[in-house]
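Asks: Give me a 3D structure for the following:
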Amino acid sequence: MESLVFAMAIDPNWNQPSQADLGGGVVEESPAVLAAARGLLGRRLVGHGATLLITEVEAYNGPDDPASHAFTRTPRSAIMYGPPHRLYVYQIHTHHCANIVTSPEGQGSAVLLRAGIVVEGIEAARARRGDVADRLLARGPGNLARALGITKADLATDLLDGTGVHLLPGPGGIAADRIAAGPRVGVRMAADRPWRFWIDGEPSVSAYRRHPAA
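Replies: This next block holds a predicted model:
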């Protein structure tokens, strides 16, 4: 497989609505969070002593998405309502999950980081994850956060600040024909929306599992 050591530049329009050409002159406008999610693929995220290249994400569209924590605004989900480019970290059992707020203030959209390839600080990631294959170090949202040392102490971090946990700018990106899409993993509501995106053929991408009640 060709090397994935590249990143995508910060796009000032990533919060704007995206459009899909359906053929026959019909154009469908999709939630802006979908374009933001696709745009995060190939970006590098710097954690605590380790850096990864993002290979899999899921989009959540705030109050218009019953699978989103922001479907109902609560103290926990308030961070999702802005400002953008902030880190939303929540905990499930012993696992932390890292999300990037993408929408302007008041809209509540965010992207869950599901998987990545550790490209720097691999020893630090291994110390946190144990004796697993490199492709598994950050496979799955809980493992991704653990590999980077992300916890709730990082909640609300400004990811464009350039310090602490942050996104690195850089040239390039993922070509559209290399991005696959499908249903989100393990959600009970809106389970068939194809709002999960990943780099096709990348071995760090997690397996799809449907919620048994979906």
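
Asks: Which stretches in this structure count as strands?
Replies: 18-21, 27-30, 44-46, 51-61, 87-92, 95-101, 109-120, 166-168, 179-182, 196-199 (DSSP state E).

Asks: quick one: average pLDDT of the first one?
Replies: Mean pLDDT, strand 18-21: 39.

Asks: low pLDDT regions in this structure?
Replies: 1-29, 170-172 (pLDDT under 70).

Asks: Roughly how far does the spatially most central residue of it sit from Pro212?
Replies: Ranked by distance to the mean C-alpha position of the chain (Cα atoms, centre = their mean), the top residue is Leu113 at 2.7 Å. The gap separating Leu113 from Pro212 is 24 Å, by Cβ to Cβ, to the nearest Å. For glycine as for every other residue, the C-beta is placed from the backbone atoms N, C-alpha and C.

Asks: got the contact list for the closest residue to Asp200 other than its chain neighbours?
Replies: Leaving aside its sequence neighbours, Asp200 sits nearest to Ala180 (Cβ to Cβ, 6 or more residues apart in numbering; 4.3 Å). By Cβ atoms under 8 Å, 6 or more residues apart in numbering, the contact set of Ala180 is Phe197, Trp198, Ile199, Asp200.

Asks: List buried residues within those residues.
Replies: Phe197, Trp198, Ile199 (16 or more other Cβ atoms under 10 Å).

Asks: Just send these back as CSV, with distance to Ala145 too.
Replies: Converted to CSV, the buried ones among the contacts of Ala180 look like this (distance: Cβ to Cβ, whole Å):
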residue, distance to Ala145
Phe197, 19
Trp198, 17
Ile199, 19
